[in-house]
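**Student:** Let's see this in three dimensions:
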Amino acid sequence: MPEPESDRVIFPPGDLDSDEPPLESDLHRDQIDLPIRLLRWLWQDRQDQDRQNIHVSGNVTVYYSPQQRKSEDFRGPDFFVVLGAENRTRKSWVVWEEGGKYPNLIIELLSDSTAKTDRTLKKEIYQDIFRTPDYFWFDPSSLEFQGFDLVGGPYQPIPPNAQGWLWSQQLKLFLGIQAKPLRFYP
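**Tutor:** Got it, this is the predicted structure:
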């Protein structure tokens, strides 16, 4: 018996444009661009298959529900990495078009208008829905920096090393502040 028309899920197209608002400042734009360029540079000489299976992006919408309503079921991480994903240009990250893959690492840049949401609602979504293993936030103005690992359920704070850097288990790299910007360190 065919299912009733009202019960059928209609998937939106996979080539949805990103719905992200403009960035807060040049400082925020530069801080999003820096980790993207750093990881691409760091991994440029890798000859293994992994290089082809890493997607690095920023300020792009992640659509995570085929029944998404533009006001609820999407998020726009400032920076994210997806391991095991084809490295190609996308308009947005559409989970159901990407084999159900969510970001392995997310960095949110705090600002006066986003800090509360980044520390609460987005953290909950990344923990409970995305199940993103590594979540960091960084304020390029105040230099507030914190990271979390998904350990057996809720996020646990990542303890800093002697330099104040935080380890990303997903990237096998440290994140740390040097001369104000957030950077990666082997």
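**Student:** so what's Leu109 closest to, chain neighbours aside?
**Tutor:** Asp78 (4.5 Å; CB to CB, 6 or more residues apart in numbering). In short, each C-beta sits where N, CA and C put it, glycine included.
**Student:** List the residues that contact that neighbour.
**Tutor:** His28, Gln31, Ile32, Gly58, Asn59, Ile107, Glu108, Leu109 (CB atoms under 8 Å, 6 or more residues apart in numbering).
**Student:** you'd agree the last one is up against Ser141?
**Tutor:** Which is Leu109. No: under the criterion of CB atoms under 8 Å, Leu109 is not in contact with Ser141, lying 9.6 Å apart.
**Student:** Neighbours of Val151, how many?
**Tutor:** Per other CB atoms under 10 Å, the neighbour tally for Val151 reads 11.
**Student:** Can you name the next helix or strand after the lowest-mean-pLDDT helix or strand in the chain?
**Tutor:** Using mean pLDDT, DSSP states H and E, the weakest-scoring helix or strand in the chain turns out to be strand 74-75, at a mean of 70. Using DSSP states H and E, the helix or strand that directly follows strand 74-75 along the chain is strand 79-83.
**Student:** could you pull out the helices for this protein?
**Tutor:** 26-42, 115-119, 121-125 (DSSP state H).
**Student:** Any buried residues in the last one, and which?
**Tutor:** For helix 121-125, the neighbour count (16 or more other CB atoms under 10 Å) marks Lys122, Lys123, Ile125 as buried.
**Student:** Pretty sure the first one sits against Arg75.
**Tutor:** Yes: under the criterion of CB under 8 Å, Lys122 makes contact with Arg75 at 6.3 Å.
**Student:** before we move on, back to that, Leu109 and Ser141 - which one has more neighbours?
**Tutor:** Higher neighbour count among Leu109 and Ser141: Leu109, with 27 against 14, using other CB under 10 Å.
**Student:** does Ile158 really touch Phe145, like I thought?
**Tutor:** No: between Ile158 and Phe145 there is no contact under CB under 8 Å: 10.3 Å.
**Student:** coming back round to it: could you dump the buried residues of helix 121-125 into JSON lines and include distance to Pro186 and pLDDT?
**Tutor:** Converted to JSON lines, these look like this (distance: CB to CB, whole Å; pLDDT from 0 to 100):
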{"residue": "Lys122", "distance to Pro186": "28", "pLDDT": "93"}
{"residue": "Lys123", "distance to Pro186": "27", "pLDDT": "96"}
{"residue": "Ile125", "distance to Pro186": "30", "pLDDT": "92"}
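**Student:** Fine by me, thanks again.
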